[in-house]
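Just need the structure, nothing else, for what follows:
(one chain, ligands or ions: 1)
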Amino acid sequence: MSLISYDTNIGTWGVPIPALHCQCCGHAELVADMVDEVADGVQKDGLDFWDDVDLSRLKTLTTFRCQTCGNADLHRFSKEYDILDVWFGKSFLPF
Ligand SMILES: [Zn+2]
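Below is the predicted model of the structure:
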């Protein structure tokens, strides 16, 4: 499984964070089953899967609701496009 991608906009390598933001209340959520489905999609369709996928196509979100406000309309969620920096250990290297 590989979720590592290169962000051409900011010039860094990183791991996409497949989190959802509820547009009704601002709650952010990471759905474990959806993370697995996104990882499978990246393996099958490539690194742009998360950027390109319509949330309504994800089977693991069929019955998903915001845990804070109960919003169940997938069109009222936005995807997280930030990435985790994979260079966290570079300060351990002497060069
Ligand atoms: Zn909400």
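
where exactly do the strands run in the protein?
All strands of the chain, identified by DSSP state E, fall at 5-7, 12-16, 20-22, 28-29, 77-79, 83-85.

quick one: average pLDDT of the first one?
Spelled out, it's strand 5-7. Strand 5-7 carries an average pLDDT of 52.

Check the strands of the chain for me: which has the lowest mean pLDDT.
Lowest mean pLDDT of those: strand 5-7, a mean of 52.

who touches Thr63 in this structure?
Ala72 (C-beta atoms under 8 Å, 6 or more residues apart in numbering). C-beta: built from backbone N, CA, C; applies to glycine.

oh, I was asking about Leu30
Neighbouring residues of Leu30 by C-beta under 8 Å, 6+ apart: 17-20.

could those go into a markdown table alongside neighbour count?
A markdown table is the format used below for these (neighbours: other C-beta atoms under 10 Å):
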| residue | neighbour count |
| --- | --- |
| Ile17 | 16 |
| Pro18 | 22 |
| Ala19 | 17 |
| Leu20 | 21 |
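
which among those residues gets closest to Gly46?
Lowest distance from Gly46 to the contacts of Leu30 (C-beta to C-beta) belongs to Pro18, with 14.8 Å.

phi, psi of that closest one?
Main-chain dihedrals, Pro18, degrees, to the nearest 10: phi -80, psi 70.

so where is this structure shaky, pLDDT-wise?
Residue ranges of the chain with pLDDT under 70: 1-15, 85-95.

which residue is nearest the centroid of it?
Pro18 (1.3 Å; C-alpha atoms, centre = their mean).

Let me see the contact set for the closest residue to Leu20 other than its chain neighbours.
Of all residues not flanking Leu20 in the chain, Phe77 sits nearest, at 4.6 Å (C-beta to C-beta, 6 or more residues apart in numbering). Neighbour list for Phe77: 20-23, 55, 66, 71 [criterion: C-beta under 8 Å, 6+ apart].
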